[in-house]
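Trainee: Give me the fold of what follows.
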Amino acid sequence: MNSTSSDSLKLGVNIDHVATLRQARYAMNPDAPNVEPSLLAAAHEAEAAGADSITIHLRQDRRHIQDRDVFELRRGIHTKLNLEMGNTSEIVKIALEVRPDFVCLVPENRQEITTEGGLDAVGLSEALIPTVKSLQERGVLVSLFIDPEAEQIRAAAKIGADMVELHTGAFANSAIDGGDAEFELLRTAAILAHDLGLRVNAGHGLNLPNLVKLLRVPHLYELNVGHHLVARGLFVGLARSVRDFKALMASYPLG
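Mentor: The predicted structure is shown next:
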């Protein structure tokens, strides 16, 4: 599964922080009749603007996305659902019931504000293999969110993942000063993953300014972006935020 199977670079829109805003007011009263903002409305707005999938992260502490959100979005969106999740029995059970189009297995630390690094596919391979297999048997494609390191990519392929999502956080943090070293790590990682037959996604910290350089990484299939799109959407609207990102992505050379 490589990017050549698609006619354009795809965008997954993460709406976790729409839920963050909702939880700030309604966490203690989730059944109030005036609960807002609606995640389903946000997903539809993103889809109408060109989103190719909707991404949500069901965390163990339920700090933003709630179980009911996962089921509602599974039923109500028009594109594909990408469920980010830690490899815990509770969350795996929910994923097997919901059957999202994709699952992205991520590391999860209850004390972190957001995901801080890639999954250790090398060290956790024995625990990951049965989860990957059980999800795939339910028709769910599985991605591993990993740092752009050769040993992690090889481990993802050995585990049997369908794809990897390259962690672009270090690149995003350094891009303002050039980010050449981090860019090269991503470029090399994408080539290796492609050569091993893995679909190559990327995400974390991406925004319009650093996207320009990221688009020089070959073999990308889909980008997952959330915070920037929601934050910019406060000023220009979520739909325009998504459209502007997609417009810049249109320059990506596939093939």
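Trainee: I'd guessed residue 226 sits against residue 16; true?
Mentor: Yes: between residue 226 and residue 16 there is a contact under Cβ atoms under 8 Å: 5.7 Å. To be clear about C-beta, it is placed using only N, CA and C from the backbone, and glycine gets the same treatment.
Trainee: Are there residues contacting both of these two? Which ones?
Mentor: residue 55 (Cβ atoms under 8 Å, 6 or more residues apart in numbering).
Trainee: Any stretches of the stretch 101-250 of the chain with poor pLDDT?
Mentor: Low-confidence segments of the stretch 101-250 of the chain (pLDDT under 70): 109-116.
Trainee: Would you map the helices across the stretch 151-255 of the chain?
Mentor: Here the stretch 151-255 of the chain has its helices, by DSSP state H, counting those that start in this stretch, at 169-174, 180-195, 208-214, 227-236, 238-249.
Trainee: closest one to residue 58 among those helices?
Mentor: Nearest to residue 58 among those is helix 227-236 (17.3 Å), distances taken as Cβ to Cβ.
Trainee: which residues are in contact with the closest one?
Mentor: The contact list for helix 227-236 (Cβ under 8 Å, 6+ apart) reads 13-15, 17-18, 46, 114, 205-208, 238-242, 244-245.
Trainee: go on, stretch 206-223?
Mentor: Stretch 206-223 has contacts (Cβ under 8 Å, 6+ apart) with 1-3, 6, 9-12, 52-53, 163, 168, 171-172, 175-176, 179, 183, 186-187, 190-191, 193-194, 199-203, 225, 228, 232, 244-245, 248-249, 251-252.
Trainee: rerun at 6 Å
Mentor: 3, 9-12, 168, 172, 175, 186-187, 190, 194, 199-203, 225, 228, 248, 252 (Cβ atoms under 6 Å, 6 or more residues apart in numbering).
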